[in-house]
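Engineer: Predicted model, plus sequence, below.
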Amino acid sequence: MVNQTKISYENLTANFQEVNPGLTNQEAVEEANRCLYCYDAPCIQACPTGIDIPTFIKKIASGNVKGSAKTIMTANPIGASCSRVCPTEELCEGACVLNHSTKPIMIGHLQRYATDWAIKNDQVLFKSGKKNHVSVAIIGGGPAGLSAARELGILGYDVTIFEAETHAGGLNTYGIVSFRLPKEVSFWEVKQVESVDVKIKTNTKVGVDISVEEILQKYDKVILAIGMAHVPDLGIEGERLNGVYDAIEFVKDTKIKPITDRLLGKKVVVIGAGNTAIDGATCSVRLGASNVKILYRRSIEEMSAYDFEYEFAKQDGVEFRWLTSPVRIIGDQDGNVKELECIKMELSEPGEDGRKKSVPIQGSEFTLKVDAVIKAIGQSRYVELIEDFKLVHDGGVVKVDPDTYQTSNPDVFACGDVIFGKGQGEAMVVSAAQQGKTVAYAMHQMLNSTVSETA
C-alpha cells in the first residue's frame with residue numbers, strides 16, 4: 001500500500017513507476033518449462049486474438065525470445081500492452097488445464113517477458129508487403145486502428161492513420177495508468193505499425209483539420225476506429241466547481257504532464273465502478289490523497305471493473321461504498337469542492353439491458369467531506385462525426401455487418417469502441433485488437449473477390 005503521509009515530489013513520481021517488475025530470466029525459463037504444450041490448447045481458444053500460446057512459451061524455454069515475441073505480436077499487434085492489461089485469469093490462464101491440479105501457467109507474465117525483451121532490444125518484427133496501390137484511411141490510432149493498420153501494411157496497402165492526439169496509441173498511451181502500462185510500451189507498438197510503411201498523421205482531427213468529404217474522396221476505403229469521448233455529466237448541482245475532474249482527462253494528465261501534488265493530503269471521491277474509476281482512485285492515492293472512496297449506485301455484483309483491478313484498488317486502501325449515488329456537490333465561498341451529498345440506493349428488477357436498476361431510498365441522504373470529485377460513469381460518443389460519415393448508428397454505436405464490420409456505407413468499416421454496446425460484446429483492449437485484424441482481412445478478401453470477378 002502506498003504511504004499516504006506527506007510525500008515529496010520525487011516520491012510522487014516514484015509512485016507512478018510500474019508496480020510489477022516482471023519475471024527474471026530464470027523465473028521465465030522455469031515457468032515456461034511448466035507448460036504442458038497441450039495439443040489443441042484451450043488457452044489459445046480463450047485468447048480473443050488466438051495467440052499460439054504453447055508455441056511462444058516453448059520458444060522462451062528454448063532461448064528463442066525474439067521468436068517468442070514475434071509469435072505473440074503476429075497474432076496480437078498490441079500484445080505487449082495486453083500482457084499487462086488483459087484479464088488473463090478470465091481468458092487464457094482461466095482456461096489452462098493446470099487449474100485442475102496445481103496453478104495455471106503465468107501466461108500474461110511470460111507474454112510480458114518476451115515482449116519486454118523485444119522492447120529493450122529495440123526489435124522491429126515486421127515489414128510491409130508488396131504494394132497493391134489501394135489506399136485506406138483509418139480514423140483513430142488506438143488499439144483497433146493500430147491493429148487494422150498493421151495487418152493492412154503487411155498485406156501491402158497504402159495506409160494512413162489520422163489521430164487527433166499528439167501520439168498514437170489511444171487508450172494504451174493515454175487512458176491506462178502508468179504504473180500498470182507505461183506509455184513507452186504503447187510507443188513501441190506504434191513503431192511496429194510504422195515499420196510496415198503505415199503513415200500516422202497526429203494532431204489531426206477528422207471533421208476539423210481535414211473534412212470527412214476529403215477523406216472519402218481521397219481514399220479507396222475507410223476504417224472508423226474513433227473510440228470514445230469524454231465522461232458525461234453526472235447531471236447534479238455543483239459539477240462546475242473547482243476540484244471536479246473527468247476521470248479520462250485526469251488519468252491522461254498523469255501520463256503526459258509532470259506529476260504534481262495537487263491532491264496531496266486530500267479526501268477524494270470517485271463516482272463509478274469501472275476500470276477507469278479504479279484508475280482514477282489509485283492515481284489519487286499515488287498523488288498523496290489521504291482518503292479515497294469509490295461510490296457506486298449498484299452492488300459489487302454489477303461492478304464492471306475487472307476482479308484484479310478491484311483487488312488492486314483495495315490493496316491501495318481505496319474504500320468502496322456500494323448502493324450509493326451522488327445528489328449534489330457543495331462548494332465553499334471560493335468555488336472549491338467542499339462536500340458531496342449522497343443518497344443510499346436499492347436494487348429493483350432488471351431493465352431491458354439485463355442489469356438491475358438502482359432506486360433511491362427516500363430519507364437516506366448523508367454528506368461526505370471531500371476535496372475532489374472524479375467522474376467515471378462511462379464515456380460519451382462521437383455522434384457528430386459518425387453522422388458526418390452518414391452511417392447508420394444507435395445512439396453512437398455504429399451498425400456493422402457482424403462478419404465483415406462493414407457499415408451502411410460499403411466503403412467504410414468500423415471496429416473497436418465505436419461498435420461496442422447494445423449487445424455488441426465486451427469492450428476489452430484485446431477484443432479491439434482482434435476486431436482490427438478482422439476488418440483488415442475482411443476488407444482484403446472483399447477486394448480480392450472483386451478483382452477476381454472482374455478479371
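Structural biologist: The structure has been received and is ready for your questions. Note that the structure is predicted; figures quoted are calculated from it, not measured.
Engineer: CA atoms for contacts and neighbours, from now on please.
Structural biologist: OK.
Engineer: Could you list the domains of the chain?
Structural biologist: 21-120, 135-229+381-454, 244-375 (automatic domain parsing).
Engineer: What is the burial count for the closest residue to Asn20 other than its chain neighbours?
Structural biologist: Nearest residue to Asn20, sequence neighbours excluded (Cα to Cα, 6 or more residues apart in numbering): Arg180, at 7.6 Å. Using other Cα atoms under 10 Å, Arg180 has 16 neighbouring residues.
Engineer: Just the element for Ile226, please.
Structural biologist: Using DSSP states H and E, Ile226 falls within no helix or strand.
Engineer: got the contact list for it?
Structural biologist: 139-142, 382, 416-418 (Cα atoms under 8 Å, 6 or more residues apart in numbering).
Engineer: May I see the buried residues of stretch 311-318?
Structural biologist: By 16 or more other Cα atoms under 10 Å, the buried positions in stretch 311-318 come out as 312-313, 316-318.
Engineer: TSV please, covering these and showing distance to Lys375, secondary structure and pLDDT.
Structural biologist: Formatted as TSV, those follow (distance: Cα to Cα, whole Å; DSSP: H, G, I helix; E, B strand; the rest coil; pLDDT from 0 to 100):
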residue	distance to Lys375	secondary structure	pLDDT
Phe312	20	helix	94
Ala313	17	helix	96
Asp316	19	coil	95
Gly317	19	coil	96
Val318	16	coil	97
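Engineer: And those residues, which is closest to Gln123?
Structural biologist: Nearest to Gln123 among the buried residues of stretch 311-318, counting by Cα to Cα, is Phe312 at 31.8 Å.
Engineer: need the longest strand for the protein.
Structural biologist: strand 337-350 (DSSP state E).
Engineer: Touching that strand from outside, list them.
Structural biologist: So strand 337-350 is contacted by 241-244, 297-298, 323-332, 356-362, 364-373 (Cα under 8 Å, 6+ apart).
Engineer: Sort out which of those are buried, if you could.
Structural biologist: 241-244, 297-298, 323-331, 356-360, 365, 370-373.
Engineer: out of these, which are inside helices?
Structural biologist: Using DSSP state H, no member of those sits in helices.
Engineer: Which ones among those lie within strands?
Structural biologist: Reading strands off the buried ones among the contacts of strand 337-350 with DSSP E, I get 244, 324-331, 356-360, 372-373.
Engineer: can you pull the pLDDT of Ala148?
Structural biologist: The score at Ala148 is 98. That number is its pLDDT.
Engineer: so what's it up against?
Structural biologist: Counting by Cα under 8 Å, 6+ apart, Ala148 makes contact with 433, 435-440.
Engineer: Go again with 10 Å.
Structural biologist: Contacts for Ala148 (Cα atoms under 10 Å, 6 or more residues apart in numbering) come out as 77, 138, 141, 159, 161, 193, 223, 225, 415, 432-441.
Engineer: how about it, phi and psi?
Structural biologist: The phi and psi values for Ala148, taken as degrees, to the nearest 10, are phi -60, psi -40.
Engineer: Chain neighbours aside, what residue packs nearest to it?
Structural biologist: Gly436 (4.1 Å).
Engineer: SS state for that neighbour?
Structural biologist: Gly436 falls in the helix class when you classify it by DSSP: H, G, I helix; E, B strand; the rest coil.
Engineer: Can you report how many residues lie near it?
Structural biologist: 31.
Engineer: ok, so what distance separates it from Lys255?
Structural biologist: Gly436 sits 25 Å away from Lys255, going by Cα to Cα, to the nearest Å.
Engineer: one step back: surely the residue nearest to Ala148 is in contact with Pro143?
Structural biologist: Yes: taking Cα atoms under 10 Å as the definition, Gly436 is a contact partner of Pro143 at 7.8 Å.
Engineer: can I get the buried residues of stretch 311-318 in JSON lines with distance to Pro54?
Structural biologist: Shown next, in JSON lines, are the buried residues of stretch 311-318 (distance: Cα to Cα, whole Å):
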{"residue": "Phe312", "distance to Pro54": "29"}
{"residue": "Ala313", "distance to Pro54": "32"}
{"residue": "Asp316", "distance to Pro54": "34"}
{"residue": "Gly317", "distance to Pro54": "37"}
{"residue": "Val318", "distance to Pro54": "37"}
